[in-house]
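Q: Predicted model and sequence below, questions to follow.
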Amino acid sequence: MRWNVDRIKHLLQTETQKAVLIGTLIVMMIGLSLATPSFLSVTNFTNVFLKVAVIVIIASAANLLMVTGHFDLSVGSVLAFSGILHAYLCKHGVPIEMSMLITCIVAMGWGGINAMTVAVLGINPVIATVGVLFIARGFAFLVARWDGGANIMTGLPMEFVDFGRELVFGIFPLAIVMMVAALALFLFIEKRTEIGRFAYAIGANLQAAKLSGINTVGIIALLYVIVALFAGLSGILQTSRVGLAAPNVAKGLEFDVIVAIILGGTAMTGGVGSTIGMLLGALVVGFASNGLILLGIPFYYQSIAYGVILIGSLMLNQRFTNPARA
Amino acid sequence: MKKLVVTLAAACSIAATAGLADDKIVLGKIPFTLEHSYHQSIVEIFSDYAEKNYGAETIVVDGQASSESSLSAVENLIAQKVDGIALHSPDIGMTATAVEAAHKAGIPIVTTLIYPSTKTAPHIQPKEEFSSFRMGEVAAEQWMTAFPDKPVKVAILNFGGFEQIAKLRTEPFFKGVQSVAPDAELVAMQNGFGSTIKSMEVMLDILQANPDVNIIFGANDDMALGALAATEQLGRGKMKDGAPLTEIIAGVDGGENAMVKVFNPNSSFKLTHGQVRDNGRAEVDTLMAMIEGTIEMDKWLEVQTLSPEFDYWNSSVPAAQKFLEENFGFEKDLQALVDTQR
């Protein structure tokens, strides 16, 4: 019994952020269940998971990237470009599977540019990835213009929407299955592979990691490419789900991803963080947004609530982890 | 020597004449945002019409859906000493500032869609409220014909805090619904951010809270298409040969993507309205009239245009085809596109 209390105390000290997020989620769920009968249902939870799916898929990889002390601000633009490219290729006769493959390869190319500029050339990730943010967004608009309009919808093959609306085993939306797969993959990488261990080492002390013989450039570059690949896949998924590709989608997605990651306890300076924490962060934001709409709260209050949840959760974490400063 | 002077004078005269001939009228056009097909089309129509009818050149500077960028675009065009400016700004206060800045530089300016807070320059106003009202009327009539015993429940997606969108689109639409179904209830009004994907996500939540919603209005076509995607995901969004089954969806802009759905007998998206050509032309004509001095540049004058309404039940595909060709440079076959829909 004594061991259990000590163990719980230890866990609360080391996993404060997750405990705060779980507490926040529980309080929100109880409150929303009492406030609106529409909240506690399979359909609603499916909606919430669908809403956060793209954020979680990208953030799974972006979280480990941030653990190395790096981040990628170009994910929204890479997603938009990938969606447009996939629609353009499908509309112009490329088979859907082939188009997906080409789009994923091109998305990895965007990640390759980030890898080259940040990992190899040592350019600040804010500057380098914002560069790709603008270039990829610009090309997204350009491809849409080549097609003759502002977005691509008419002329797409009928099967175009099947991928995004696919139900695995006739029950689970593909977006949610992909989200779970991305989470499982990065949980495995984080806990069981050298890449995961090296990522933490790089984030904790880059120079020490280099001197220890870790291929820091290779690890950071690989993570940039995977983040871009996941952004590309998300672009395909989202475009095919809605049946329309628009170059202006996912503006600000990079911030949604970063908010989920930071809320989950990952330090922007690197060395600290976890995939589970990021998932909890994304769910807090997703359920908060869902609950506020279910309650019919106007969007400007939603925006305020979004900020309050973010700051409040981080303050609580600060209060528990560093009581002397609180 | 005298011969040389005469020759030089003649050369100068020719050069001056040539200079005048090159001294084309230059118009500045600031669209709300070039990210949207409506605004891309209006820029094309504006430029073509100015060139063909007045031999005028157009400089386009994107307003990027931002007050700061629009004001900066106005300052940019003033610095280039253009002969006239057409502005579709995102807010009323900034429009007034822009008008004042242009007038101070002696440059005629015409505003469009967003009324300025001070009425000191000509303004082009598409009378969208009539068509928005009509769409509400038609949607309610169709729903009540199909389901006379099911109360009308309306959900609206808007752009957030745009007062003009409320005046021109969302309020008249709901009033149109109420004119047919006085007990109609507005159960949700949320921000769709003008985006298809955001609107889909928001509409899923709205339908979760209010599954009995049966009339949906998106304040632009992108939002209406997002709402349609949400309904389709929930196994709704369908009609049977134009007869409502689960809901009726309406949008605004009248673009190709919307028209294809409107005339698909199996889709819930059934109404839209829009106008590009007449707005663009009215902007050019009004600017040129100010430049030529037939309209005073610092007096309020509202030039009204119509925003024709299209719906499945009262409009024809050929009429929509003509509208798309005239307003969006459409070169495809609308009926063929409709036929490829599920």
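A: Thanks, I have it. Numbering: from 1, shown residues only, chains lettered A, B, ... in the order given.
Q: mind checking the SS state of B:Tyr115?
A: Following DSSP: H, G, I helix; E, B strand; the rest coil, B:Tyr115 is assigned to coil.
Q: So it sits against B:His123, correct?
A: Yes - taking contacts as CB atoms under 8 Å, B:Tyr115 lies within contact range of B:His123: 6.7 Å. C-betas here are computed from N, CA, C, even on glycine.
Q: Compare these two (neighbour count), which wins?
A: Each of B:Tyr115 and B:His123 has its neighbours counted (other CB atoms under 10 Å in any protein chain shown); B:His123 has more, 25 against 18.
Q: wait, is that one part of a strand?
A: Yes - the assignment for B:His123 (three-state DSSP) places it in a strand.
Q: and it, what does it touch?
A: B:Val110, B:Thr111, B:Thr112, B:Tyr115, B:Pro116, B:Trp300, B:Leu301, B:Glu302, B:Val303 (CB atoms under 8 Å, 6 or more residues apart in numbering or on different chains).
Q: per-residue confidence at it?
A: Looking at B:His123, its pLDDT reads 95.
Q: Tell me the helices and strands packed up against the helix or strand containing A:Val54.
A: Following DSSP states H and E, one finds A:Val54 within helix A:42-67. Here helix A:42-67 touches helix A:75-91, strand A:172-173, helix A:174-192, helix A:194-204, helix A:216-242, helix A:253-263, helix A:275-294, helix B:196-209, going by 3 or more CB pairs under 8 Å, 6 or more residues apart in numbering or on different chains; DSSP states H and E.
Q: If you count neighbours, what's buried in it?
A: A:44-67 (16 or more other CB atoms under 10 Å in any protein chain shown).
Q: For residue 36, list the residues it contacts.
A: No chain was given, so I picked chain A. By CB under 8 Å, 6+ apart, A:Thr36 lies in contact with A:Gly291, A:Leu294, A:Leu295, B:Ala209.
Q: ah, no, chain B please
A: A:Ala150, A:Asn248, B:Gly194, B:Asn220, B:Asp222.
Q: residue of the stretch 51-200 of chain A with the smallest distance to chain B?
A: A:Ala150 (3.6 Å; CB to the nearest CB).
Q: and the residue of the stretch 201-342 of chain B at minimum distance from chain A, how many neighbours?
A: Taking CB to the nearest CB as the measure, the stretch 201-342 of chain B has B:Asp205 as its residue closest to chain A, at 3.8 Å. Counted with other CB under 10 Å, residues neighbouring B:Asp205 total 23.
Q: what's the span of stretch B:207-224 from first residue to last?
A: 14 Å (CA to CA, to the nearest Å).
Q: How about that stretch and chain A, any contact?
A: Yes - shown here: stretch B:207-224 in contact with chain A (CB under 8 Å from any CB of the partner chain) through B:Gln208, B:Ala209, B:Asp222.
Q: In those residues, which residue is surrounded by the most others?
A: Comparing those by number of neighbours (other CB under 10 Å), B:Asp222 comes first, having 34 neighbours.
Q: The helix or strand where it lies - what's its average pLDDT?
A: Using DSSP H and E, B:Asp222 maps to helix B:221-233. For helix B:221-233, mean pLDDT rounds to 95.
Q: Now B:Leu186: closest residue in space, sequence neighbours ignored.
A: Spatial nearest neighbour of B:Leu186, excluding adjacent residues (CB to CB, 6 or more residues apart in numbering or on different chains): B:Val154 at 5.0 Å.
Q: Correct me if wrong: the residue of the stretch 51-200 of chain A closest to chain B contacts A:Val143.
A: No - if you go by CB under 8 Å, A:Ala150 and A:Val143 don't touch, sitting 11.4 Å apart.
Q: quick revisit: ok, of the contacts of A:Thr36, which come out buried?
A: A:Gly291, A:Leu294, A:Leu295, B:Ala209.
Q: And the second one, how far from A:Pro173?
A: With distances taken as CB to CB, to the nearest Å, A:Leu294 is found 20 Å from A:Pro173.
Q: what do you get for the first one?
A: From A:Gly291 across to A:Pro173, the span is 21 Å (CB to CB).
Q: Show me what from the stretch 101-250 of chain B comes close to chain A.
A: So the stretch 101-250 of chain B meets chain A at B:160-161, B:187-191, B:195-197, B:200-202, B:204-206, B:208-209, B:222, B:225-226, B:229, B:232-234 (CB under 8 Å from any CB).
Q: PyMOL command for the buried members of the residues you listed?
A: In PyMOL, this line selects whichever of these come out buried by 16+ other CB under 10 Å:
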select buried, chain B and resi 188+189+190+191+195+196+197+200+201+202+204+205+206+208+209+222+225+226+229+232+233
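Q: Might you report the residue contacts of the most centrally placed residue in chain A?
A: Among the residues of chain A, the one closest to the centroid is A:Ala59, at 2.7 Å (CA atoms, centre = their mean). When contacts are counted by CB under 8 Å, 6+ apart, A:Ala59 touches A:Val257, A:Ala260, A:Ile261, A:Met278, A:Ala282.
Q: mind redoing it with 10 Å?
A: Residues in contact with A:Ala59, defined by CB atoms under 10 Å, 6 or more residues apart in numbering or on different chains, are A:52, A:65-66, A:75, A:179, A:182-183, A:186, A:227, A:230, A:256-261, A:264, A:266, A:275, A:278-279, A:281-282.
Q: just A:Pro125 next, same as before
A: A:65-66, A:69-74, A:114, A:117-119, A:220, A:224.
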